[in-house]
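Participant: from the sequence below, what's the structure:
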Amino acid sequence: RVQAESERPEQGRAETNADAGRDVAVKVRRPDIEDLVRADLRVIKWSLPLLLYFVDEARSFSLENLAEEFSKTIREEMDYEREAEMLAEIRSNFAGDDRFLIPAVLESHSGPRVLTMEYIEGTKINDVEALERKGIDRTEVAENLERAYLQMIMDDGVFHADPHPGNLAVTDDGRIVLYDFGMSGRVDPFVQEKIIEFYVAVANQNIDAILDALIEIGTLSPDADRGVMAEVMEIAIQDARGEDVEQYRVNQIVGQIEDSIYVFPFRLPKNLALVLRVATVVEGVCVTLDEDFDFISTATDYLTEQGYREESIRQYLDETGRQLRRSGESLTRLAPKAERALDRLDRDDLYVRIGVEDKENVFDKLARRLVYGMLLTMSLFSMGVLYALEAPRGSIVAAIFSVLVAIQLYRSFRSPTSIGTRPQFTRQNLRQRRGEE
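Facilitator: Numbers count the residues shown, from 1 in each chain. This is a model prediction of the structure:
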């Protein structure tokens, strides 16, 4: 059977002498699909400016990148020659690993519009009841699946980007089968390095390092409230470990982040769109297999086995050593400088120059207020004198001038109205609120 569209392939048969009787999966590009895709992408392109008008800068950044990445990905999905190359590369990266099966491409029956692969039968990965009947360890399958994607993203730099249950199966002996490599991507070395730093920070439960990694990689705004984000990360880690998360605490944090007084802190760089999608979908599959699955424990074991945590500790020690050496060098230079300063002080030959940084223009505001105050005083005095001298026109002019100066003086004391707040959902505050309720 041949399915004539760019979706999940069906089982077919190659009919050459060399491959006679061999089960294969065939993907055939639907006729005129290119024109339909181009029309859909034009609609997205024309609609995007209207959507961006109603969202803030961070969401606008994410939407633009998401639209661009979607356009790129959907075009790549129609390129079966690229899919065959990506499939072959990923298959070679897992060669010799008997936990996974990746179908081989039959190049003799493949081309730009047709892709023929060997057909590997298996049970759909989210068919929990069937896996149970066959005695397959679902937790082990979940661990192997996460390890596979950690390897693809951290080590190989090329990954299968569509791990939904329809593209994943499990053989009767517990091996994971990956289908459909039309949606696949690459990770550049910089992003790989930052992803590794992020996972190491998560493994060490170092919240500050997690936030630093997210900022450097571009997914978190540098202006984000670190206190709020630290709470978010703690909840995310708790959830990833399969621990119960207090719904009250989640609701409080989500409400504060979504409130209009906060700038939306998360962004979606285009080079991370597929990576984040993969992480989300894989998490869903693993939780389906084992609702108590501990992502962090599995990731920590993988990082330790691959030496990433050891390398991060070594880098930390090296950096600490360099800082200590610089501190020692500074101390050796400090003593003679301090002695010279004390000698000059003893001879009354020490002068201090002070430069005041005034980013808020405080001195300028004070000067204006002083001038306005002097003008107001003079104008009021003049108005009184002119009125006493029975010069009504002059006193009226002086009164008008006094009113204008008074208005300017009042405006100089006003500050722009704004809403100020700070997070009120620390653990201690939550306990207090529960006690009050």
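Participant: show me where the protein has strands.
Facilitator: Counting by DSSP state E, the segments of the chain that form strands are 10-13, 23-28, 100-101, 114-118, 123-124, 158-160, 168-170, 176-178, 184-186.
Participant: give me the number of residues near residue 310?
Facilitator: Neighbour count of residue 310, defined by other Cβ atoms under 10 Å: 11. Placement of C-beta: from N, CA and C, glycine included.
Participant: swap that for residue 32, please
Facilitator: By the criterion of other Cβ under 10 Å, residue 32 has 8 neighbours.
Participant: what does the one 5 residues further on give?
Facilitator: Counted by other Cβ under 10 Å, the residues lying close to residue 37 total 16.
Participant: so it sits against residue 76, correct?
Facilitator: No - in this structure, residue 37 is not within contact of residue 76 by Cβ atoms under 8 Å, at 11.3 Å.
Participant: still on that earlier bit, got the strands of the chain as TSV, with mean pLDDT columns?
Facilitator: As requested, the strands of the chain are exported to TSV (pLDDT from 0 to 100):
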stretch	mean pLDDT
strand 10-13	46
strand 23-28	88
strand 100-101	94
strand 114-118	91
strand 123-124	92
strand 158-160	91
strand 168-170	94
strand 176-178	94
strand 184-186	88
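Participant: now for these, which one comes closest to residue 144?
Facilitator: For the strands of the chain, proximity to residue 144 was assessed by Cβ to Cβ; strand 176-178 is nearest, at 5.8 Å.
Participant: that older thread, quick one: which of the strands of the chain is nearest residue 283?
Facilitator: strand 168-170 (13.3 Å).
Participant: residues in contact with the closest one?
Facilitator: 120-125, 131, 136, 141, 145, 176-179, 285 (Cβ atoms under 8 Å, 6 or more residues apart in numbering).
Participant: partners of it, with directions?
Facilitator: Paired neighbours of strand 168-170 in the sheet (DSSP bridges): strand 123-124 (antiparallel), strand 176-178 (antiparallel).
Participant: including distance to residue 199 and mean neighbour count, could the strands of the chain go into CSV?
Facilitator: Converted to CSV, the strands of the chain look like this (distance: least, Cβ to Cβ, whole Å; neighbours: other Cβ atoms under 10 Å):
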stretch, distance to residue 199, mean neighbour count
strand 10-13, 37, 15
strand 23-28, 34, 20
strand 100-101, 21, 19
strand 114-118, 32, 21
strand 123-124, 29, 16
strand 158-160, 15, 22
strand 168-170, 22, 23
strand 176-178, 21, 21
strand 184-186, 18, 21
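Participant: now those strands as TSV including distance to residue 206?
Facilitator: Formatted as TSV, the strands of the chain follow (distance: least, Cβ to Cβ, whole Å):
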stretch	distance to residue 206
strand 10-13	48
strand 23-28	44
strand 100-101	32
strand 114-118	43
strand 123-124	38
strand 158-160	26
strand 168-170	32
strand 176-178	31
strand 184-186	28
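Participant: which residues touch residue 213?
Facilitator: Residues in contact with residue 213 (Cβ under 8 Å, 6+ apart) are 194, 197, 198, 201.
Participant: between the strands of the chain, which one is nearest to residue 234?
Facilitator: Closest approach to residue 234 among the strands of the chain is made by strand 158-160 (28.1 Å; Cβ to Cβ).
Participant: next, residue 162: phi, psi?
Facilitator: Main-chain dihedrals, residue 162, degrees, to the nearest 10: phi -130, psi 60.
Participant: what is the neighbour count of residue 130?
Facilitator: Here the number of neighbours of residue 130 (other Cβ under 10 Å) works out to 12.
Participant: who are the neighbours in contact with it?
Facilitator: The neighbourhood of residue 130, defined by Cβ under 8 Å, 6+ apart, consists of 123, 124.
Participant: can you tell which of the strands of the chain is closest to residue 70?
Facilitator: Using Cβ to Cβ, the strands of the chain put strand 184-186 closest to residue 70, at 12.4 Å.
Participant: same for the closest one, what does it pack against?
Facilitator: Counting contacts by 3 or more Cβ pairs under 8 Å, 6 or more residues apart in numbering; DSSP states H and E, strand 184-186 packs against helix 80-93, strand 158-160.
Participant: most tightly surrounded among the ones you listed?
Facilitator: Highest mean neighbour count of those: strand 158-160, a mean of 22 (counted as mean count of other Cβ atoms under 10 Å).
Participant: direction included, what does that one pair up with?
Facilitator: Partners of strand 158-160 in its sheet, by DSSP bridges: strand 184-186 (antiparallel).
Participant: which residues are in contact with the strand it pairs with?
Facilitator: With contacts defined as Cβ under 8 Å, 6+ apart, strand 184-186 is touched by 73, 76, 83, 86-87, 90, 157-162, 274-275.
Participant: pull the number of nearby residues for the closest residue to residue 213 other than its chain neighbours.
Facilitator: Of all residues beyond its chain neighbours, the one nearest residue 213 is residue 198 (4.0 Å), with distances taken as Cβ to Cβ, 6 or more residues apart in numbering. Per other Cβ under 10 Å, the neighbour tally for residue 198 reads 19.
Participant: can you pull the contacts of residue 198?
Facilitator: 210, 213, 214, 217.
Participant: now for these, which sits with the most neighbours around it?
Facilitator: Counting neighbours by other Cβ under 10 Å, residue 210 leads the contacts of residue 198 with 24 neighbours.
Participant: for residue 38, give me the pLDDT.
Facilitator: At residue 38, the pLDDT value in this model is 81.
Participant: do you know how far it is from residue 47?
Facilitator: Distance, residue 38 to residue 47, by Cβ to Cβ, to the nearest Å: 15 Å.
Participant: just residue 289 next, same as before
Facilitator: From residue 289 across to residue 47, the span is 38 Å (Cβ to Cβ).
Participant: ok, now residue 187?
Facilitator: As judged by Cβ to Cβ, residue 187 and residue 47 stand 30 Å apart.
Participant: in terms of neighbours, single out the busier of these two.
Facilitator: Using other Cβ under 10 Å as the criterion, residue 187 and residue 47 rank with residue 187 on top: 22 against 11.
Participant: okay, now the closest residue to that one other than its chain neighbours: neighbour count?
Facilitator: In space, and not counting its chain neighbours, residue 187 is closest to residue 157: 4.9 Å by Cβ to Cβ, 6+ apart. When neighbours are defined as other Cβ under 10 Å, residue 157 has 16 of them.
Participant: what is the nearest of the contacts of strand 168-170 to residue 304?
Facilitator: Among the contacts of strand 168-170, residue 145 lies closest to residue 304 (Cβ to Cβ), at 18.9 Å.
Participant: give me the pLDDT for the residue nearest to residue 187.
Facilitator: For residue 157, the predicted pLDDT is 90.
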